[in-house]
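**Q** Sequence and predicted structure below; questions after.
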Amino acid sequence: CPADFPIRHCFPTAHGYIPRNLSLGIDSEVLLTCPFAGARPKMFITPAYAQAAGSAPDMLVQLAPFAIILVIMYFLILRPQQKRAKTHQEMIANVRRGDTVITSGGIVGKVTKATDDAEIEIEIAPDTKVRLVRGMIVEVRAKGEPVKE
């Protein structure tokens with residue numbers, strides 16, 4: 001009830017204040033003066049009742065869908081991506097002089113100098129050579145002759 005309403009007419013419950021002696025039948029003046037008299041407040045959620053604490057098997061059942069989703073993600077997304085990255089690293093490591101390569105920018109060139117460092121030299125046109133970082137190689141189209149020692 002509001003602060004200016006006499007407390008002797010209402011008492012608190014879980015759902016708000018209701019008038020005293022409502023079940024005994026009181027006059028309509030008291031019912032009209034108490035804002036919560038005769039009507040329960042509207043609740044959007046039903047009152048929660050005490051529940052037993054969850055046990056271990058219940059928790060495992062609740063976590064099982066998340067575990068299944070993680071396993072599916074591993075086999076459909078992560079594992080193929082790791083495999084593709086591994087083959088790309090092997091391809092980049094095996095680039096030799098004479099190989100025709102395609103860069104990430106779409107330039108096709110022939111490898112003229114390949115050392116063990118992170119850069120290679122490719123010829124993209126007659127007498128036009130550029131240095132390229134090995135990681136920018138997307139594809140090796142044609143294998144050239146092995147390096148002469």
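**A** Received the coordinates, thanks.

**Q** Which residue ranges of this protein form helices?
**A** Assigned by DSSP state H, the chain shows helices spanning 28-33, 56-73, 79-93.

**Q** for these, which one sits closest to residue 118?
**A** helix 79-93 (9.8 Å; CB to CB). Backbone N, C-alpha and C define where each C-beta goes, glycine included.

**Q** name the helices or strands packed onto that closest one?
**A** Applying 3 or more CB pairs under 8 Å, 6 or more residues apart in numbering; DSSP states H and E, one finds that helix 79-93 makes contact with strand 137-142.

**Q** Each with direction, which strands does the strand it packs on pair with?
**A** strand 100-103 (antiparallel) (DSSP bridges).

**Q** mean confidence for the partner strand?
**A** Mean pLDDT, strand 100-103: 95.

**Q** buried residues in it?
**A** The neighbour-count check on strand 100-103 (16 or more other CB atoms under 10 Å) flags 101, 103 as buried.

**Q** cool, stretch 113-130 as well?
**A** So, applying 16+ other CB under 10 Å, buried residues of stretch 113-130: 114, 120-122.

**Q** Of these, just say which sits nearest to residue 105.
**A** Nearest member of the buried residues of stretch 113-130 to residue 105, counting by CB to CB, is residue 122, at 11.6 Å.

**Q** looking at the protein, which helix or strand is least sure?
**A** helix 28-33 (a mean of 45; mean pLDDT, DSSP states H and E).

**Q** Please identify which of the helices of the chain is closest to residue 142.
**A** Across those (criterion: CB to CB), the nearest stretch is helix 79-93, sitting at 13.2 Å.

**Q** on that earlier part again, adding distance to residue 129, write the helices of the chain out as a markdown table.
**A** Listed next are those as a markdown table, based on distance: least, CB to CB, whole Å:
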| stretch | distance to residue 129 |
| --- | --- |
| helix 28-33 | 97 |
| helix 56-73 | 44 |
| helix 79-93 | 19 |
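
**Q** If you average pLDDT over each of those helices, which is lowest?
**A** helix 28-33 (a mean of 45).

**Q** from memory residue 95 sits against residue 114, does it?
**A** Yes - assessed by CB atoms under 8 Å, residue 95 is found in contact with residue 114 at 5.5 Å.

**Q** joint contacts of those two?
**A** residue 120 (CB atoms under 8 Å, 6 or more residues apart in numbering).
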